[in-house]
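> Predicted model and sequence follow; I will ask about them next.
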Amino acid sequence: MEWTDAAIVLGAKPFGEGKLVAEVFSREHGRYGGVVHAGRKSQPVLQAGNLVHCGWKARLSEQLGFFNPLELVEPHATRLLDDAVALAGLSSAVTLVRSAAAERQAYPQLYDALTVLIEAMPDADIWPALYTRFELGLLSALGYGLDLTRCAVTGETEGLAWVSPRTGRAATYDAGAPHADVLLKLPHFLVDAEAKLESGDVADAFALAGHFLERRVFDQKGEGMPEARRRLIERLGFAGRL
């Protein structure tokens, strides 16, 4: 049993003497773990968020297996070392994938979304909003996508401003206004890629995605929201970028 693919590193930990167990997220094979020999030499390659070319092999498909080759393609983590907020974003994104995506199941659209997000992280003006789109993409990939295409009450496709915290369906401003105290705000940039980003939009998008991630993913797993995501929001707040 073996495969070769491009992959994003999710993390690594020591495994015996001179070895590591690494976890990667590949486009065609999903989240995989495997042993890496000469672990100390491989540590710079295995920084979370790096793009690698790897091969995974095992005698039986259910075994842990090992990675060979494991070659660095893009050192994304190294390029963000001087940006603590971007590093927090990178950590949160890979932690969500590591925590929520099923092992050994391909999520090609989620892989593409994660790649786009990581490549955008050197641009501080772009990636926080893009990150919230990634979280909504994660929900969709897991089968919990929101319906932000039309109003659940009127069927209209313009003027969407709210989301039901129960159903995940959108509503126009007028239809939802009487229930504004219980609805989640829907930032316009999430339904119109050309919309100008307004103050507070990123915070509202985090609140929207976070509600459904917690309710539909992590509560179902019996887990809380990953701490890495809370730290990201805290850092973005301190930086005035929410």
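On my side now, so go ahead.
> Give the full set of residues in contact with F25.
A7, I8, L10, R31, Y32, V94, V97, R98, A101, Y111, L114 (CB atoms under 8 Å, 6 or more residues apart in numbering). Where C-beta positions appear, they are placed from N, C-alpha and C, glycine not excepted.
> What's opposite the fifth one in the beta bridge?
What it means is Y32. Note on Y32: beta-bridge partners by DSSP bridges are V24.
> Buried members of the contacts of F25 into ChimeraX, please.
Per 16 or more other CB atoms under 10 Å, the buried members of the contacts of F25 correspond to this ChimeraX selection:
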select :7,8,10,31,32,94,97,98,101,111,114
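> per-residue confidence for R40?
Looking at R40, its pLDDT stands at 68.
> Now do the buried residues in the biggest helix by length in the chain.
For the chain, the longest helix by residue count, based on DSSP state H, is helix 84-100. Residues 85-100 are the ones in helix 84-100 that count as buried (16+ other CB under 10 Å).
> quick one, helices of this structure?
Ranges of helices in the chain, per DSSP H, are 39-42, 76-79, 84-100, 108-120, 127-141, 173-176, 201-212, 227-238.
> nearest to Q63, of these?
helix 39-42 (18.6 Å; CB to CB).
> Skip the chain neighbours and tell me the closest residue to L236.
Closest residue to L236 apart from its sequence neighbours, by CB to CB, 6 or more residues apart in numbering: L242 at 5.1 Å.
> quick one: contacts for the one you found?
L242 makes contact with P128, G200, V202, A203, F206, I233, L236, according to CB under 8 Å, 6+ apart.
> I'd say the first one and V202 touch.
Yes: counting by CB atoms under 8 Å, V202 is a contact partner of P128 at 5.0 Å.
> Work out the gap between the longest strand along the chain and the centre of the chain.
Scanning the chain for the strand with the most residues, using DSSP state E, yields strand 2-14. On the basis of CA atoms, centre = their mean, to the nearest Å, strand 2-14 sits 16 Å off its chain's mean C-alpha point.
> returning to that earlier point: higher neighbour count, P128 and V202?
Neighbour count, other CB atoms under 10 Å: between P128 and V202, P128 has more, with 25 against 22.
> Go ahead and flag the most central residue of the chain.
Nearest residue to the geometric centre of the chain (CA atoms, centre = their mean): A93, 3.8 Å.
> Now do stretch 51-63: everything it contacts.
For stretch 51-63, the surrounding residues in contact (CB under 8 Å, 6+ apart) are 1-9, 24, 26, 29, 32, 34, 45, 64-74, 76, 115, 118.
> buried sites along that stretch?
For stretch 51-63, a neighbour-count test (16+ other CB under 10 Å) marks L51, V52, C54, G55, W56 as buried.
> cool, stretch 234-242 as well?
Applying 16+ other CB under 10 Å to stretch 234-242 flags R235, L236, L242 as buried.
> How is this protein partitioned into domains?
Split into domains by automatic domain parsing, the chain comes to 2-78, 80-238.
> if we can go back for a sec, wait, the residue nearest to the centre of the chain sits on F134?
Yes: using CB under 8 Å, A93 is in contact with F134, at 6.3 Å.
> where in the protein is pLDDT low?
Along the chain, segments meeting pLDDT under 70 span 39-40.
> And for T115, nearest residue in space, chain neighbours not counted?
I8 (7.0 Å).
> Could you give the bridge partners of that neighbour?
Applying DSSP bridges, one finds that I8 bridges with F25, L51.
> ok, back up a step: tabulate the contacts of L242 in CSV, adding columns for distance to R169.
Output for the contacts of L242, formatted as CSV (distance: CB to CB, whole Å):
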residue, distance to R169
P128, 25
G200, 22
V202, 22
A203, 22
F206, 20
I233, 25
L236, 27
